[in-house]
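Undergrad: mind folding the following:
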Amino acid sequence: MFSRALPRYNPTSSKLLAKSFLQQNTRNFHASTANMTIQTFFDVTWEGPVLDSNGRPTSQVKNQNGRINFNLYDDVVPKTAENFRALCTGEKGFGYANSSFHRIIPQFMLQGGDFTRGNGTGGKSIYGEKFADENFKKLHTKPGLLSMANAGPNTNGSQFFVTTVVTSWLDGKHVVFGEVADEASLNVVKALEATGSGSGKVQYNNKPTIVKSGQL
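TA: Numbering: from 1, shown residues only. Okay, the predicted model is just below:
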């Protein structure tokens, strides 16, 4: 039996419900001042709504592509950052290339990294199937953070999620290990977010897929 790795959605979060749709979709990018040395990227293709100049979905749906650049917190969580980096490059013989974002919940997060099963029950780390939580020094304080999905304490593998809002209820439960690197990348995250649903199921035929990944 395989456990499904995920961050728990909290629809009753007062911070989440207090913000309007418009406020959530004018999320500004704020780069971290942390001492990060590792940068990675995903080249992603997907089918979904085209966003307007304010980052809101329009009625126009088409196939799209874009790049998400990440800065990794290798100064705070070096083991977790190295796992993600090596899975981006595929240097161990397996990794994120050609895997999909299998769970997307608007106003919450995008989840991916299950390159063995594609449904949230698979994946593996470069250290073996699972590895322990490194630390919880970084908190889920803003959109665009990279954090490890898990099935409970010390069950980190390859699955990750990218926040699209503040998700403070996940602090102390999921290891934050990086962030979206720039505004253009965050715009791609917003476009991917628009393909999801409250259940997490992607609404369009061409699911967001990482066609290429690597280190910058």
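Undergrad: quick one, helices of the protein?
TA: Counting by DSSP state H, the chain has helices at residues 14-18, 21-24, 78-89, 183-193.
Undergrad: between those helices, which one is closest to residue 169.
TA: helix 14-18 (9.1 Å; CB to CB). Where you see a C-beta, it was placed from the backbone N, CA and C, and this is true even at glycine.
Undergrad: any chance of the helices of the chain in CSV, plus mean pLDDT, distance to residue 52 and mean neighbour count?
TA: Converted to CSV, the helices of the chain look like this (pLDDT from 0 to 100; distance: least, CB to CB, whole Å; neighbours: other CB atoms under 10 Å):
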stretch, mean pLDDT, distance to residue 52, mean neighbour count
helix 14-18, 39, 23, 11
helix 21-24, 40, 12, 12
helix 78-89, 99, 31, 22
helix 183-193, 98, 11, 20
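Undergrad: can you list these in TSV and add distance to residue 175?
TA: Shown next, in TSV, are the helices of the chain (distance: least, CB to CB, whole Å):
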stretch	distance to residue 175
helix 14-18	21
helix 21-24	25
helix 78-89	5
helix 183-193	19
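Undergrad: residue 43 is nearest to which of these?
TA: Residue 43 lies closest to helix 183-193 among the helices of the chain, at 9.8 Å (CB to CB).
Undergrad: what helices or strands is that closest one leaning on?
TA: If you count contacts as 3 or more CB pairs under 8 Å, 6 or more residues apart in numbering; DSSP states H and E, helix 183-193 packs onto strand 38-51, strand 57-72, strand 101-105, strand 109-112.
Undergrad: and of those, who's closest to residue 176?
TA: Evaluated over those, closeness to residue 176 peaks at strand 57-72, with 10.6 Å, by CB to CB.
Undergrad: buried set for that closest one?
TA: 57, 64, 66, 68-72 (16 or more other CB atoms under 10 Å).
Undergrad: gap between the two ends of stretch 72-85?
TA: 8 Å (CA to CA, to the nearest Å).
Undergrad: same check, this time on stretch 192-203
TA: First-to-last distance for stretch 192-203 - CA to CA - comes to 11 Å.
Undergrad: from residue 156, how far out is residue 128?
TA: 11 Å (CB to CB, to the nearest Å).
Undergrad: which one's more surrounded, those two?
TA: Per other CB atoms under 10 Å, whichever of residue 128 and residue 156 has more neighbours is residue 156, with 27 against 8.
Undergrad: doesn't residue 133 make contact with the more buried one?
TA: Yes. Using CB atoms under 8 Å as the test, residue 156 is close enough to residue 133 to be in contact (6.6 Å).
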